[in-house]
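J.: Structure here, sequence nowhere to be found:
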């Protein structure tokens, strides 16, 4: 079964809205693990609008399952993750001022840069994943960077899902088959939810992990956090 990594950025956004420590982000992450999450994902940004730098180090101390840190590989970001040593670092290409990650890497244009960053992470035993769109050339070039995995950017799938499920999933099936053929691990994320997750997971062979935050946190407002995590996990079976 594919693993569920819960992105807790939105919980940090809620905490920061009032300037206190409610919800307690560290307890929230530990509870996600206790409720069945297979891992925790965060995306610390330079402006600390949700995850703060201090959160990163505190989370490292308490988490027992996979710790995945997303981010643009700036000098400060790389220095931080080399100190923290999470289980996985997911490299995203978005600049610090965007609302959310909304495009994948051009792995051809950024080959040398990504390869250098990945080699640094590998020296500390950190698994790497590159955020990419379901495009053959980008996946083939990702392999040349020595990354361990790719994370398929699934917004296009989510947008097309209601109109034509088979059309929406087709490029992702092709991309996953290619990645498997060239020995790249497959993660996925962005706009996956209770409506479209089961179909995606059932069609993508060798899907190792999905990272879900916004939709899961929204669903938790209605269903409760523990129940929601279990609902998402059932959709991955």
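T.: Perfect, thanks for sending it. Treat the numbers as computed from the prediction; the structure is a model and nothing was measured. Numbers count the residues shown, from 1 in each chain.
J.: At the geometric centre of this structure, which residue sits there?
T.: Centroid-nearest residue in the chain, with CA atoms, centre = their mean: residue 211, separated by 4.1 Å.
J.: who's in contact with residue 191?
T.: 154-155, 157-159, 214-215 (CB atoms under 8 Å, 6 or more residues apart in numbering). For glycine as for every other residue, the C-beta is placed from the backbone atoms N, C-alpha and C.
J.: one more time with 7 Å
T.: Residue 191 makes contact with 154-155, 158, according to CB atoms under 7 Å, 6 or more residues apart in numbering.
J.: Low-confidence stretches in this protein?
T.: 95-103 (pLDDT under 70).
J.: Tell me which stretches of it form helices.
T.: Taking DSSP state H as the criterion, the chain carries its helices at 9-18, 25-34, 53-62, 75-84, 111-123, 136-143, 155-161, 165-181, 197-203, 214-223, 225-235.
J.: If you count neighbours, what's buried in the last one?
T.: Neighbour-count burial for helix 225-235 flags 225, 228-233, 235 (criterion: 16 or more other CB atoms under 10 Å).
J.: contacting residues around it?
T.: Residues contacting helix 225-235 (CB under 7 Å, 6+ apart): 4, 6, 31-32, 35-37, 194, 197-198, 201, 212, 216, 219-220, 223.
J.: ok, now with 6 Å
T.: Outside helix 225-235, the residues that touch it by CB atoms under 6 Å, 6 or more residues apart in numbering are 4, 35-37, 197-198, 216, 219-220.
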